[in-house]
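Participant: 3D, please:
(chains A and B)
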Amino acid sequence: AQSVTQPDIHITVSEGASLELRCNYSYGATPYLFWYVQSPGQGLQLLLKYFSGDTLVQGIKGFEAEFKRSQSSFNLRKPSVHWSDAAEYFCAALRKGSARQLTFGSGTQLTVLP
Amino acid sequence: DTAVSQTPKYLVTQMGNDKSIKCEQNLGHDTMYWYKQDSKKFLKIMFSYNNKELIINETVPNRFSPKSPDKAHLNLHINSLELGDSAVYFCASSPRGGNTEAFFGQGTRLTVV
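Facilitator: Numbering: from 1, shown residues only, chains lettered A, B, ... in the order given. Take a look at the predicted model:
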């Protein structure tokens, strides 16, 4: 079955520290991959996406993600975290040619310490 | 201009009541969705409509009935509300084809008491 796994339920980092959120997918073929962020009481905002090509993708708010086919991973990174980055982060996948429903990971809650 | 808008943002109601959540998108997309986010923040597809036609109907109680009067609107009607229906419901839309993401509304937090 297709699935997206985010192994870390909760991550705490200090402001200014670097961040990496992990995401692994299990699909027959490489799906389209996304990272969304959900701030408290807010909807889902797309940070970045990977469809094909360059395996390092840049997103908004200084985030980037690297696709690694050999590891079935799409990890999200940021070199220096800001307090406003505290939020819930969701990795999602979309099977190519499907009816286009996203499969989400279970989310990673990010806490930023001052 | 809000791309995907849902109303209401908050909804508190008693068990047994019937309620509706409205969703509208002004992006010109062909496909619209309803997702449910449970208390553990897990997001799961409920329904998907393409040009007013139902194309995905996950295992959802038949008390939930989506209605798409036109391709810009996808409303969710829930009959005989139960405590377990308490969740955040997200509407989303995307173009029918091509490589692009889904755009989400702000969510509707439904609390059944």
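Participant: Paired strands for the least confident helix or strand in chain A by mean pLDDT, with orientation please.
Facilitator: The helix or strand of chain A with the poorest confidence is strand A:103-104; it has a mean of 92 (mean pLDDT, DSSP states H and E). Partners of strand A:103-104 in the sheet, by DSSP bridges, are strand A:87-94 (antiparallel).
Participant: Buried residues in the strand it pairs with, which are they?
Facilitator: A:87, A:88, A:89, A:90, A:91, A:92, A:93, A:94 (16 or more other Cβ atoms under 10 Å in any protein chain shown). Placement of C-beta: from N, CA and C, glycine included.
Participant: Flag the shaky bits of chain A, pLDDT-wise.
Facilitator: A:98-100 (pLDDT under 70).
Participant: who in it is up against chain B?
Facilitator: A:32, A:34, A:36, A:38, A:42-46, A:49, A:51, A:88, A:90, A:99-102, A:104, A:106-107, A:109 (Cβ under 8 Å from any Cβ of the partner chain).
Participant: Helices along chain B, start to end?
Facilitator: With helices called from DSSP state H, chain B shows none.
Participant: near chain A, which residues of it show up?
Facilitator: Residues of chain B lying near chain A (Cβ under 8 Å from any Cβ): B:4, B:31, B:33, B:35, B:40-45, B:48, B:50, B:55-56, B:90, B:92, B:94, B:96, B:99, B:101-107.
Participant: from those, which would you call buried?
Facilitator: B:4, B:31, B:33, B:35, B:41, B:43-45, B:48, B:50, B:56, B:90, B:92, B:94, B:101-107.
Participant: So which of those sit within strands?
Facilitator: Counting by DSSP state E, the part of those found in strands is B:4, B:31, B:33, B:35, B:43-45, B:48, B:50, B:56, B:90, B:92, B:94, B:103-104.
Participant: And these, which two are furthest apart?
Facilitator: Using Cβ to Cβ, these span at most 20.1 Å, a distance reached by B:43 and B:50.
Participant: Can you tell me the strand partners of the helix or strand bottoming out on mean pLDDT in chain B and which way each runs?
Facilitator: Every helix and strand of chain B was ranked by mean pLDDT, DSSP H and E. The lowest is strand B:53-57, at a mean of 79. Taking DSSP bridges as the criterion, strand B:53-57 forms sheet pairs with strand B:43-50 (antiparallel).
Participant: what does the strand it pairs with contact?
Facilitator: A:90, A:99-102, A:104, A:107, B:30-38, B:54-58, B:60, B:64, B:66, B:68, B:71, B:74, B:76, B:89-90, B:96 (Cβ atoms under 8 Å, 6 or more residues apart in numbering or on different chains).
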